[in-house]
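> Have a look at this prediction, sequence included:
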Amino acid sequence: MNQKISQEYRDLAIETVKTILHLFHEKRYDQVPGAVDESEIENLPDNLREFIQGTLDLNGMDTFDEYGAPCNFHPQYEYRQLHFFPYRDGSGFAVDYEMTSGAQLAQLVLQLRFLYQPDGSLRRVFEDVDPQ
């Protein structure tokens, strides 16, 4: 069964991704829990600070790019950073966003879940920042 995600829900998901990426860009990890309703990661700010900053330091990167920053691919090919995955049971959808730093792929994927609520809202769940 192919579930469609409404434009309204897609827009809300994109706004959530934008907010989280802005906070990552500015290294304001303590504020990330305020951008979602729950997290799969315990002590999210400390874990993000350790993992995100460690990844930046390890790879000689200054910061992660904000949503919509240009990405330079070599060789050039069609590529999308944002992916929507509707759940077959109709309970919501997942979103993956492939992060960049300095317009280059950073080999990290921001993963969020959005669950439909009885009142028509979405429950925003921070799932992970997954190395690729």
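Thanks, I have the structure now.
> Would you check how far apart the closest residue to residue 102 other than its chain neighbours and residue 87 are?
Distances taken as C-beta to C-beta, 6 or more residues apart in numbering put residue 61 closest to residue 102, at 6.5 Å, once the chain neighbours are dropped. Every residue, glycine included, has its C-beta placed from N, CA and C. Relative to residue 87, residue 61 is positioned 33 Å away (C-beta to C-beta, to the nearest Å).
> next one: residue 31
28 Å.
> Give me the nearest residue to the residue nearest the centre of the chain, chain neighbours excluded.
The centroid of the chain falls nearest to residue 110 when counting by C-alpha atoms, centre = their mean (3.3 Å). Ranked by C-beta to C-beta, 6+ apart and with sequence neighbours excluded, the top spatial neighbour of residue 110 is residue 97, at 4.4 Å.
> Surely the one you found is within a helix?
No - using DSSP: H, G, I helix; E, B strand; the rest coil, the assignment for residue 97 is strand, not a helix.
> Can you spell out which residues form a bridge with it?
The bridge-partner assignment for residue 97, based on DSSP bridges, gives residue 82, residue 110.
> Help me confirm that it comes into contact with residue 21.
Yes - using C-beta atoms under 8 Å, residue 97 is in contact with residue 21, at 7.2 Å.
> between these two, what contacts are shared?
67, 110 (C-beta atoms under 8 Å, 6 or more residues apart in numbering).
> how about the residue nearest to residue 110, what does it touch?
17, 21, 67, 81-83, 109-110, 112.
> Can you verify residue 11 is assigned to a helix?
Yes - counting by three-state DSSP, residue 11 is located in a helix.
> Report how many residues lie close to it.
10 (other C-beta atoms under 10 Å).
> nearest spatial neighbour of residue 100, skipping sequence neighbours?
Counting by C-beta to C-beta, 6+ apart, the residue nearest residue 100 is residue 65, at 4.5 Å.
> List of residues touching stretch 38-45?
So stretch 38-45 is contacted by 29-30, 32-33, 47-48, 123-128 (C-beta under 8 Å, 6+ apart).
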